[in-house]
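**Student:** the sequence isn't on hand, but the structure is:
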DNA sequence: AGTTGGATGGTCT
DNA sequence: GACCATCCAACTG
């Protein structure tokens, strides 16, 4: 269990950074479905990314969960990270042990500090594509953080979409908690946009 | 502290 | 056959 501290928005087929830009396909079909569903896909042949479908059926939009601050079940997340690392083949047993050692030494805040790492820590895979994240009985679900004091959120440009033309490339559609240790480092967690 | 390149496979033309 | 909504190790300075 954790708190989401970094997300990115991909809005509509007109957004050239979105998987929906090419229209409905077998991979992105869930994005065109009802809101609240999980859209899970594989990137770079080895990492999964978890999104939440946000707009009514027919309009493709989703929010990518980029980072989660672990709050409970930290041992399970760590074990899942080790398991995900071990699952990769083509590496010698020695390097596998080294990577396992490195994960064991990781601070809890860094267990899900990136979109691929979120899925590794929470054991999210392609088989979770289409799940209803609003189902209170589901193992994988969203909950309202009741009782928490509101967190400061700031914005910045989205990460890893250099192929997208302006103005989309610079749209401040990445939202994160500035200074939070669990925000992804690739995104440069000390940077912040206009709003504060 | 910042940059670079390799791993790796599903998906679409 | 090209293209990735990434991560990490191994470099440079």
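**Tutor:** Received the coordinates, thanks. Worth saying up front: this structure is predicted, and the values here are computed from it rather than measured.
**Student:** secondary structure class of residue A:148, three-state.
**Tutor:** Three-state assignment for residue A:148 (DSSP: H, G, I helix; E, B strand; the rest coil): coil.
**Student:** with adjacent residues omitted, what lies nearest to it?
**Tutor:** With sequence-adjacent residues excluded and distances taken as CB to CB, 6 or more residues apart in numbering, residue A:148 is closest to residue A:3, at 7.6 Å. Yep, even glycine has a C-beta here, placed from its N, CA and C like the rest.
**Student:** any low-confidence regions in chain A?
**Tutor:** Scanning chain A for pLDDT under 70 picks out the ranges A:89-95, A:187-196.
**Student:** ok, which stretches of it are helices?
**Tutor:** Here chain A has its helices, by DSSP state H, at A:74-87, A:93-104, A:115-121.
**Student:** make a markdown table from the ones you listed and add mean neighbour count to it.
**Tutor:** Formatted as a markdown table, these follow (neighbours: other CB atoms under 10 Å):
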| stretch | mean neighbour count |
| --- | --- |
| helix A:74-87 | 17 |
| helix A:93-104 | 13 |
| helix A:115-121 | 24 |
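**Student:** adding distance to DNA strand C, write those helices out as TSV.
**Tutor:** Shown next, in TSV, are those (distance: least, CB to the nearest atom of the strand, whole Å):
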stretch	distance to DNA strand C
helix A:74-87	7
helix A:93-104	5
helix A:115-121	3
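**Student:** and the ones you listed: which comes nearest residue A:14?
**Tutor:** Of all these, it is helix A:115-121 that lies closest to residue A:14, at 22.8 Å by CB to CB.
**Student:** list the buried residues in stretch A:47-61.
**Tutor:** Under the neighbour-count criterion of 16 or more other CB atoms under 10 Å, stretch A:47-61 has A:47-54, A:60-61 buried.
**Student:** which non-adjacent residue is nearest residue A:39?
**Tutor:** Closest to residue A:39 by CB to CB, 6+ apart is residue A:51, at 4.1 Å.
**Student:** residue A:66: which of the helices of chain A is closest?
**Tutor:** Residue A:66 sits nearest to helix A:115-121 of all the helices of chain A, at 4.9 Å, using CB to CB.
**Student:** just how off-centre is that closest one within its chain?
**Tutor:** Relative to its parent chain, helix A:115-121 has a centroid offset of 7 Å by CA atoms, centre = their mean, to the nearest Å.
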